[in-house]
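Student: please find the sequence and the predicted model below.
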Amino acid sequence: MTFDYLAIWDHRDILIDGTLKTLLISAIAIPAGVCIGIFVCLLRISNRRLLRWPAIAYIEIMRNIPLLILLFMVFYALPFYGIRLSGLTTGFICLSVYGGAYFAEVFRGGVEAVPKGQFDAAKALGLKYGFYMRRVIFPQLYSYVFPPATNIALTLIKESSLLSMITVAELTYAAHDINGRTFTPVETFATIAIIYWGISIVFLNLTSRLQSRIEMDPVSQQIAIR
Amino acid sequence: MEPAKMRFISLTKALVASATALALSSPVYAQTVLEAVTASGKLTVATEVAYPPMEYLEDGVVVGYGKDILDLIVADIGVELEQLQLPWDGILAGVLGKKYDLVATSVAIMPDRVDKYAFTRPLAVAETMLVKLERDDSMSGLDDVNGKIIGVELGSSQAQEVEAVDAELKANGSAGFADIRGFKSTDDIRLALASGQIDIATIPSFSLAAMQNQRPGVYARLTTIGSGTVFAWVAHPDGVDLRDRVNEALEKLEADGTLAELQMEWFGFEMEIPEDYLPDGAL
Amino acid sequence: MDLQFFEIIPKTGPMFIGALYTIFVGVIACGVGIIVGTALLLMRNSRFWLVRKFVGLYGSFIRGTPALVQILVFYYALTPLTGIDVGPLTAGIMAVGFNSGAYVAEILRGGLSRIPNGQWEAAEALGLSKRKIWFKIILPQVFNSTIPLLVNEFTMVIKITPLLSTITLVELTRAAQILYTETFRPVEVLLVAALVYFVICFSISQCGEYLQRRSVKYRL
């Protein structure tokens, strides 16, 4: 039973490229997902049925189908209609759109957790919708939505491994590549597992620090909360 | 009731522990591979069914040149066939791990593989062929591939040949391929080419006829690269006796002309198998 | 848009068999997940530091690595390391089950923390053994209060099953792949597959809401 780690070390450049690609994908897809999530959340909590129902449909669809099916549809099916996107672009779009639905639900939960009195007081003060949503409601959401949102972000980082199935040269793809050259599936897959583990630990560390910072700095919130 | 539940929990703990603990227990083969196969009456092979016309799926059943030969060989040895359909990814690692006796799929004989695995006599010889869409007029030869997107099978010998061509093009000052995309199977490559997702597909030359039969008028040959590949089946390095027995059966098929017949049926031409197919240092 | 569903309808048989496989794998994997999750929950309170540390590492690993990688590691590493030879079905169920187990453990942990201390004290005052307290008093309440989250976890399990197509398990996604490479109609085939997944997951969440409404009776 020998572990041939030397073979992996020889191909470490493929691994490094893959890791960087994974981080890049996450760095773009997560903020994009958050933006989509905010937008869809606003639609979802709207009073107008015309705005609400498409949002509900979108959220329910994204939450009930696997990401892989979405990826295959965009990557393999769209080209038949002339839209030819690279694997990377497909990945960005699908990850953002998929994550956006989950972010939207989390944000909605946050909005509903804000005491109704806040909305009433804001309207009583004559503040306009856009203003009070931005300045009164949203700042109060941070501490509520941050933990689940970081969870979704971490999930997106992990789901990026699915992009290996549509030819994106991220970390899991790198493992398949190296495995194809060296025939060492155990070593390569174990190595990328550890790399992913490392990424998630670092990410969770950073976000928990960010979270305590936000909670320790309630200046902007003090005005809004009580 | 309680003790049973506690035992259940302990069993689960044991299961969790054993699955994650590094328990090193390698299976010991008291018999040789061939003896084990004849004794159990069953030959277990692994096949990647994405390589028409060597081995592919039709209506859920494995068919192809390789399959026909396999059937004849197991009849010759006198055992039953159990065929596992596995992805290319771990197929060679699997035979090393003795999950099955033989890899009955087209494996390219390459210098870095010959001392690790026991290769049988070659099943087919092919060149790595680049294929484009028939209606694509922008390319007529190797010089036109610059700036095009090419698809390869991730981890295959053809992928490395394409990379070599790309490096050569770039060394000569051309742009090289726009992107080399690695797919999980040749099925995906064919679909991607048909949909326009990629401009060029990389296939072994014998696949072209099968592809064109399946979808007439869609594909066209662009050019061939590399110096040709010889495909054979693979057994575990300890399974040299099984490999020799398979070679024996293959030689019989060649001698009585069955091989030539099958080649005409599946390829439309006879294939010449080289005599000295194994480089130095091979098993 | 030139959708030709008629062409693929006759061939969708294997896809529905694949869907049955998906549900089968999902149910069994979820069962494994609940067993593993409960075991992890009980192990958390162990006297031994090593066991508690193991539970922490296990959770961190499963929740910190992609499910695809876990499945690949499990499938390719299990045989060389332990000599146990399993087929894709067993390996797949086990990998997904162990994955789910870590998340179930977290869910149950959350439920556990909501059990009032009074429950423990009363049970001990009544002279019940640790075993009885866990299995007769505490765990039933934990499971009851976490039904919606567990149902959500089942949905997650179903959404992980497509990854098993990479180890050639012919579940719904793999069956869809085979079909669209044969017919060159990925749009129709994938839409059907997406619809089937949607129906499965949506029905599960509706069941979950029904169960939750029924379980309100047991709430304290």
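Tutor: On my side now, so go ahead. Residues are numbered from 1 along each chain as shown, chains lettered A, B, ... in the order given.

Student: and residue B:43, that's in a strand?
Tutor: Yes. According to DSSP: H, G, I helix; E, B strand; the rest coil, residue B:43 belongs to a strand.

Student: beta partners of it?
Tutor: Residue B:43 has these beta-bridge partners by DSSP bridges: residue B:81.

Student: I'd guessed residue B:55 sits against residue B:91; true?
Tutor: No. Contact status for residue B:55 versus residue B:91: not in contact, 11.7 Å apart, counting by C-beta atoms under 8 Å. From N, CA and C alone the C-beta is placed, and that goes for glycine too.

Student: tell me how far the closest residue to residue B:240 other than its chain neighbours lies from chain A.
Tutor: Nearest non-adjacent residue to residue B:240, counting by C-beta to C-beta, 6 or more residues apart in numbering or on different chains: residue B:118, 5.1 Å away. From residue B:118 over to chain A the distance is 15 Å, taken as C-beta to the nearest C-beta, to the nearest Å.

Student: can you give me the strands for the stretch 1-150 of chain B?
Tutor: B:42-47, B:50-51, B:55-58, B:61-63, B:80-85, B:102-108, B:118-133, B:149-153 (DSSP state E, counting those that start in this stretch).

Student: how about the fourth one: buried residues?
Tutor: It refers to strand B:61-63. Residues B:62-63 are the ones in strand B:61-63 that count as buried (16 or more other C-beta atoms under 10 Å in any protein chain shown).

Student: tell me where chain C has helices.
Tutor: Using DSSP state H, the helices of chain C run over C:5-8, C:13-44, C:49-64, C:67-82, C:88-113, C:117-125, C:130-132, C:139-145, C:147-160, C:172-183, C:186-215.

Student: between those, which one is closest to residue B:153.
Tutor: helix C:172-183 (13.7 Å; C-beta to C-beta).

Student: return the residues of chain A in contact with chain C.
Tutor: A:1, A:60-61, A:63-70, A:72-73, A:76-77, A:80-81, A:154, A:158-162, A:164-165, A:172, A:175, A:185-186, A:189-190, A:192-193, A:196-197, A:199-201, A:204 (C-beta under 8 Å from any C-beta of the partner chain).

Student: show the buried residues in those.
Tutor: Here, 16+ other C-beta under 10 Å leaves A:60-61, A:63-70, A:72-73, A:76-77, A:80, A:154, A:158-162, A:164-165, A:172, A:175, A:185-186, A:189-190, A:192-193, A:196-197, A:199-200, A:204 buried among these.

Student: now, which of those residues lie close to chain B?
Tutor: A:76-77, A:80, A:165, A:185-186.

Student: nearest to residue B:111 among those?
Tutor: residue A:185 (21.4 Å).

Student: find the nearest non-adjacent residue to that closest one, please.
Tutor: Nearest to residue A:185 is residue C:76, by C-beta to C-beta, 6+ apart, at 3.9 Å.

Student: the residue in the stretch 51-200 of chain B that chain C sits nearest to: which element?
Tutor: Per C-beta to the nearest C-beta, residue B:187 is where the stretch 51-200 of chain B lies closest to chain C, at 4.1 Å. Assigned by DSSP states H and E, residue B:187 falls within helix B:186-195.

Student: circling back to that earlier point, filter the ones next to chain B among the buried ones among the residues of chain A next to chain C down to the ones in helices?
Tutor: Short answer: those in helices (DSSP H) are A:185-186.

Student: export the ones next to chain B among the buried ones among the residues of chain A next to chain C to a markdown table and tack on pLDDT?
Tutor: Formatted as a markdown table, these follow (pLDDT from 0 to 100):
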| residue | pLDDT |
| --- | --- |
| A:76 | 86 |
| A:77 | 83 |
| A:80 | 79 |
| A:165 | 89 |
| A:185 | 81 |
| A:186 | 82 |
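
Student: what's the farthest-apart pair in the ones next to chain B among the buried ones among the residues of chain A next to chain C?
Tutor: Top of the distance list for these (C-beta to C-beta): A:80 and A:186, 38.6 Å.

Student: pLDDT wise, what is the closest residue to residue B:38 other than its chain neighbours at?
Tutor: Nearest residue to residue B:38, sequence neighbours excluded (C-beta to C-beta, 6+ apart): residue B:79, at 6.4 Å. Here, the pLDDT recorded for residue B:79 equals 83.
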